[in-house]
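A.B. asks: please find the sequence and the predicted model below.
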Amino acid sequence: QVQLVESGGGLVQAGGSLRLSCAASGNNPGTYAMGWFRQAPGKERRFVAAISWGGSSTSYTDSARGRFTLFRDRAKNSVYLQMNSLKPEDTAVYLCAARGPRKPIGIKEDEYDYWGQGTQVTVSS
């Protein structure tokens, strides 16, 4: 099993930046592809970004590409989502997820095996 703990959410003005962290622990978390999803009130959970277990491949949704960067620190078993140029529509609970071991990147919610509790991101206009 893998346990995931997110941090780094908060309140930021439009145009600002936040860096979300997801710390993984448990059974070989470094062999898991990692993804970020977000869920706004009353809306479905949606894919944001993902990174391969080796860290060489990433995938982003169109709304995140060019503004968000996902990277991982294998020594710390952590992934980081750097979010720049934030917009009010980015407001949501952001959840970290793990897929593996040694599986390719997934972009669908049901492709992931483990989930964190989420961290709230609020972008004011």
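C.D. replies: Received, thanks.
A.B. asks: use CA for all of it now, contacts and neighbours both
C.D. replies: OK.
A.B. asks: tell me the secondary structure for the spatially most central residue of the chain?
C.D. replies: When CA atoms, centre = their mean is applied to the chain, the residue found nearest the centroid is Trp36 (2.4 Å). Assigned by DSSP: H, G, I helix; E, B strand; the rest coil, the conformation of Trp36 is strand.
A.B. asks: that one bridge partners, please.
C.D. replies: Ala49, Cys96 (DSSP bridges).
A.B. asks: so what's it up against?
C.D. replies: Phe47, Val48, Ala49, Ala50, Tyr94, Leu95, Cys96, Ala97 (CA atoms under 8 Å, 6 or more residues apart in numbering).
A.B. asks: the residue lying closest to the last one once chain neighbours are set aside and Ala98: what is the separation?
C.D. replies: For Ala97, the nearest residue in space outside its immediate sequence neighbours is Trp115; the separation is 4.4 Å by CA to CA, 6 or more residues apart in numbering. Between Trp115 and Ala98 the distance is 7 Å, computed by CA to CA, to the nearest Å.
A.B. asks: these two: which is more packed in?
C.D. replies: Ala98 (29 against 21; other CA atoms under 10 Å).
A.B. asks: ok, that one touching Gly30?
C.D. replies: No - in this structure, Ala98 is not within contact of Gly30 by CA atoms under 8 Å, at 9.9 Å.
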